[in-house]
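Undergrad: sequence? don't have it. structure:
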């Protein structure tokens, strides 16, 4: 079962994010607090949205996403920040169901893109996404400013 996350899901979402960081070999990079998640998802001006996958009344996976905008197409799209299903629940259709829900939202709202990033070494995820018809955008390279480099640039001008 897929449903929209509620404020009561914050503790399990936080735990699943930590599990995802462990899986992606970057546990120290997942610094978000439960309070930050609550504000981002359910504050006065939500910046992100989440859906959860349940099995037997237990949350076993989630998709956290936000809106992006295509200047070329002139409409919003969804950027999937994180998709995670606990290892013991993989193969049960939860990941596909979460992506199907996001695709349904795109179609219903007239959004023309559903995009995400995947680590190059994550072959199981790449195979899963490609089996759904997703294609890599390999002509683009993602760049990121964080920490000191972001602060340094922000101080200029």
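TA: Ah, there it is. Worth saying up front: this structure is predicted, and the values here are computed from it rather than measured.

Undergrad: what distance separates the longest helix anywhere in the chain from the centre of its chain?
TA: Identified as the longest helix of the chain according to DSSP state H is helix 94-109. Mean-position distance between helix 94-109 and its chain equals 12 Å (C-alpha atoms, centre = their mean, to the nearest Å).

Undergrad: direction included, what does the very next helix or strand once past that helix pair up with?
TA: Downstream of helix 94-109, the next assigned helix or strand under DSSP states H and E is strand 114-116. With DSSP bridges as the test, strand 114-116 is paired with strand 75-85 (parallel).

Undergrad: residues contacting the strand it pairs with, please?
TA: Residues from elsewhere that reach strand 75-85, judged by C-beta atoms under 8 Å, 6 or more residues apart in numbering: 16-17, 19-20, 23, 48, 53, 60-70, 92, 94-95, 98-99, 102, 105-106, 109-116. Using the backbone N, CA and C atoms, a C-beta is placed for each residue, glycine as well.
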